[in-house]
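1. Starting from these lines, generate the structure:
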Amino acid sequence: MCVFCPLYAVIERVSIAIQWSLRPCIRYHAAPIFGTRAGTAMEFLLYLALGACAGVLAGLFGVGGGIIIVPVLVFSFTLQGFDASILTHLAVGTSLATIIFTSINAIREHHRRGAVRWPVFAWMTVGILIGAGFGALTAESISGPNLQKIIGVFALIIAVQLALDVKPKASRTVPGKVGLTVAGSVIGWASAIFGIGGGSLTVPFLTWRSVPMQQAVATSSACGLPIALSSALFFMILGWHDPLLPAHSLGFIYLPALLGIALTSMVFARLGARLAHSLSPRLLKRLFAALLCCVGLSFLL
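-> The predicted model follows:
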């Protein structure tokens, strides 16, 4: 017997159990993508590895990991033959759903170190919940290929801004309640479009307002949770009746990818959070800029 057969069996049983429990909700318009146990296992192992990478990024950079998850899912969904008109939306929605799990352990680790600015988080969340709904509606109205190009341009802009340290003159204090709510609305709107936890926007915004880098990363991690919760819910609703969705989808959320990524991202997020507190702010910014540059180019080329 193949040494991996027990793993295949476990993966198959978990998948069947989830599909059975959610059978009134899950779409079955398409045939299963992988017809063998080996194919299913390879797909699931890819998602496990992706979750590990996303978890480290979540804790290290204060992002939800979506900046990496979305491009990889787009590539994976393309290979699986998903319809081109919806695969980017499916990648964005799935990415947002995984960030719910990615954020939890990263937040715990940052909170344990006393780095989260909770008053800032609270008022930004008010705006995030509003902006996320409008962002999901905006993304749903954009075609898949165009959405990929928009995400690529966005990633490159943020990469250049961080690498060159281009920013307005820093303010001495963070904005008041109204300012934080407005900022949260914009960040929530953009995050829902790009399928991210908002770290690539929240971290630069907070550092611009003179919040120390480690605290900006920690607070950004906390903001990723309401962004993910509200945005994923909207993507699930907006994709509910789409006839082009593949099997095992819950709206614009692909359940096999969600399960695999969530399992490992929660574990590795704590590792990333620990690394964030041991690296210098300058190095942290440069690593983040290099990451975003690679992602942006991959979507545009």
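2. can you give me the helices for this protein?
-> For the chain, the helices defined by DSSP state H occupy 5-21, 37-61, 66-79, 84-112, 118-140, 144-163, 177-194, 199-208, 213-238, 255-276, 281-300.
3. I'd like the ones you listed as JSON lines, with distance to P246, mean pLDDT and mean neighbour count appended.
-> Backbone N, C-alpha and C define where each C-beta goes, glycine included. Listed next are those as JSON lines, based on distance: least, C-beta to C-beta, whole Å; pLDDT from 0 to 100; neighbours: other C-beta atoms under 10 Å:
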{"stretch": "helix 5-21", "distance to P246": "13", "mean pLDDT": "43", "mean neighbour count": "13"}
{"stretch": "helix 37-61", "distance to P246": "12", "mean pLDDT": "77", "mean neighbour count": "22"}
{"stretch": "helix 66-79", "distance to P246": "8", "mean pLDDT": "83", "mean neighbour count": "23"}
{"stretch": "helix 84-112", "distance to P246": "8", "mean pLDDT": "87", "mean neighbour count": "26"}
{"stretch": "helix 118-140", "distance to P246": "17", "mean pLDDT": "92", "mean neighbour count": "21"}
{"stretch": "helix 144-163", "distance to P246": "14", "mean pLDDT": "80", "mean neighbour count": "18"}
{"stretch": "helix 177-194", "distance to P246": "22", "mean pLDDT": "91", "mean neighbour count": "22"}
{"stretch": "helix 199-208", "distance to P246": "28", "mean pLDDT": "82", "mean neighbour count": "25"}
{"stretch": "helix 213-238", "distance to P246": "15", "mean pLDDT": "90", "mean neighbour count": "26"}
{"stretch": "helix 255-276", "distance to P246": "10", "mean pLDDT": "84", "mean neighbour count": "23"}
{"stretch": "helix 281-300", "distance to P246": "21", "mean pLDDT": "77", "mean neighbour count": "17"}
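4. Any chance of the ones you listed in CSV with distance to L244 as columns?
-> As requested, the helices of the chain are arranged in CSV below (distance: least, C-beta to C-beta, whole Å):
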stretch, distance to L244
helix 5-21, 19
helix 37-61, 20
helix 66-79, 12
helix 84-112, 5
helix 118-140, 13
helix 144-163, 10
helix 177-194, 20
helix 199-208, 29
helix 213-238, 13
helix 255-276, 16
helix 281-300, 21
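5. show me the contacts for the most centrally placed residue in the chain.
-> Centroid-nearest residue in the chain: G66, 2.7 Å away (criterion: C-alpha atoms, centre = their mean). Going by C-beta atoms under 8 Å, 6 or more residues apart in numbering, G66 touches A54, V92, S95, L96, T98, I99, S191, F194, G195, I196, G197.
6. before we move on, what about P256?
-> Contacts of P256 by C-beta under 8 Å, 6+ apart are S15, E43, F44, Y47, H248.
7. what about 6 Å?
-> H248 (C-beta atoms under 6 Å, 6 or more residues apart in numbering).
8. Repeat that for S143.
-> By C-beta under 6 Å, 6+ apart, S143 has no neighbours at all.
9. quick one, phi/psi of it?
-> Main-chain torsions, S143, degrees, to the nearest 10: phi -70, psi 160.
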